[in-house]
Every structure is written in C-alpha cells, then in structure tokens.
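> this is a predicted model, with the sequence first.
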Amino acid sequence: MARCGCGGGQCSCTVKAGTNTSVSGSGSPANPYVISSEVPCTTVRACLSAGPGVEYDPATGVIGAKVSAEAGNNLVQRPDGLFVPTGAATVSTGCGLTGDGSAGAPVKANTGAWPYSCDVTAVGGVVACDANGQLRSEPRGTASFTNYFDDRQYKDLAVPDTTTVVDTYSVTITNPSPCLPCLVCIEQEVDTWMVLPAGAGAAAGFDGDEMYYTKNTGSSSISGVHCQLSKFLPRGTLAPGASMAVGFGAQLGRGNAGAYYYRIQFVLRALLIAL
C-alpha cells in the first residue's frame, strides 16, 4: 500500500472493522490485513417468512412443510419426507363401491353372493356404462296385451256342405321392445250365427279344425244358432321392434236342408312377452 507509506515495512493506514466484520494483520507484506465477515442467524431469520404450504419458526429458524387439516387430505409427514397413500387422496366411494384406493383397501364393487345353481358366467346379466357415465342394467322386460274385434254381417249365405273357410280376419302386431325379442301368444275366437230349418245341420270351427256341430231335430226352424269357439296358440317370436300379421279363418261345413249363416264375430287377443 504505497500511498499509506507501507513500502518500507511500516504502514500508516488505519483499517477498522465494521458491523459483522473483523480485521486482523498489520498491513505489511509479511502480515497483511485479513478482513472477515460473518452474518449471524438472527439477522438472516428476519429476512425469511412462511408462504402457502410452508411453516417457519423465526425463533429456531426451522423451515418445514405445512399439511392442510381440511377433511379428505391424506398427505402425511414421514421421517423420510412427505407421503401420499396410493389412491387415498382422490377416491371417495359411495353406494355399490368399497375401499379407499390404497394398497390395503382397493376400490371394488360391493357384490353379493350368486344365489342360483346355474353358472353366473354362462347366464349372468351385464352392467354397462351409458353416455352420461351412469351404470345401467340390461333392458327391462315388457309385456303387452291387446284386444281386436270385428263383427261382420252377411246376406243369408248357405252353409257349405264341405269344410270351407268362409272368411278370414287378420291384424298386424308389433314388438314393443326396441331391445329384446318377444314371444307372441294369440287367443282367437270365432262366433258364427246361423239359421237351421227343420232337419238342417251345420258345423263350425277354425282353419282345418271342426269344433262344433249341431242339427235341428225339431219340426220348426231355429234362429240365432251360435257357439263361441276359442283357441290359445303360440305364434313364435318377433325381433326387437319388428311387426308381423296374425290371423285365422272362420270355417263352416256339413251344411244341409237349407242351413245358412248371417253373422260372424271375430275376436283376436295378442299377448307379447319380451324378457
């Protein structure tokens, strides 16, 4: 330090230690000044503060993680750091589900025991997810029952002497289920009104099946002779939403001695079962 007259081994410069610093040495080449600085913890602590998720103690200087106490928070402090159990922080189960998503309690369906002797894999139904994310079961079964009726008048037509279908009746039925096939069962009735002069006879029935025969053994005509005939028959199955025509014929035969008919009533009842 030439300006301070230190060139001859003696220095006239004065060096003074400031706050948080210290000075040692005489300023000569053999014993130079050494200036040291040290900031104490108490000074540094005043510059620090805690923020979200952080705990800070200015008295001890300890900085740590702050865990929220709100319900549903599963974050915990472990000796080696912060820990979140698998799935526990995000899973909340309701009806039909159990578990919290952790390794010890995985989320699963709360199922019951299969109570039937048949194999669940072979005949069990399905549960599917709809477009709104809601679980749905298989389509619900439906059943419908419809009555159809027709009353037809004729101008005194002779009863044929051989078995003959004299008129027919038909309706169109539709499977009401858009998802499931349906079993079609038909109850059909026919009631033919006839006049039998003395000694006359006549038979009635359905297609190919004579079900009723009567003969007038008296000496005068019998008017309004009739008998309501009925059958219950399966007609197969219908695909979902499909339609089919069902019907039957009114059959007469064995007419003689002037027997004639003048009225036929048709009844058709359709039972559709979709399961």
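That came through fine. Since the structure is predicted, the reported quantities are computational estimates derived from the model, not experimental observations.
> how about Asp150, nearest residue that isn't a chain neighbour?
Leaving aside its sequence neighbours, Asp150 sits nearest to Phe266 (CB to CB, 6 or more residues apart in numbering; 4.5 Å). The C-beta positions use only the backbone N, C-alpha and C, and glycine is treated the same way.
> that neighbour against Tyr169, yeah?
Yes. The pair Phe266 and Tyr169 qualifies as a contact (CB atoms under 8 Å) at a distance of 3.8 Å.
> anything in contact with each of the two?
Asp150, Phe248, Ala250 (CB atoms under 8 Å, 6 or more residues apart in numbering).
> residues contacting Glu187?
Residues in contact with Glu187 (CB under 8 Å, 6+ apart) are Ser230, Lys231, Phe232, Leu233, Val267, Leu268, Arg269, Leu271.
> restricted to buried residues, select those residues in ChimeraX.
The buried residues among the contacts of Glu187 can be selected in ChimeraX (16 or more other CB atoms under 10 Å) with this line:
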select :267,268,269,271
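> could you dump the contacts of Glu187 to a markdown table with distance to Ile222 and secondary structure?
Below are these laid out as a markdown table (distance: CB to CB, whole Å; DSSP: H, G, I helix; E, B strand; the rest coil):
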| residue | distance to Ile222 | secondary structure |
| --- | --- | --- |
| Ser230 | 23 | strand |
| Lys231 | 26 | strand |
| Phe232 | 30 | strand |
| Leu233 | 31 | strand |
| Val267 | 24 | strand |
| Leu268 | 28 | strand |
| Arg269 | 30 | strand |
| Leu271 | 36 | strand |
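> of the contacts of Glu187, which is the nearest to Pro58?
Leu271 (85.9 Å; CB to CB).
> any idea how far Gln188 is from that closest one?
12 Å (CB to CB, to the nearest Å).
> contacts for stretch 55-75?
41, 44-46, 48-50, 52-54, 76-77, 82-85, 88-89, 92.
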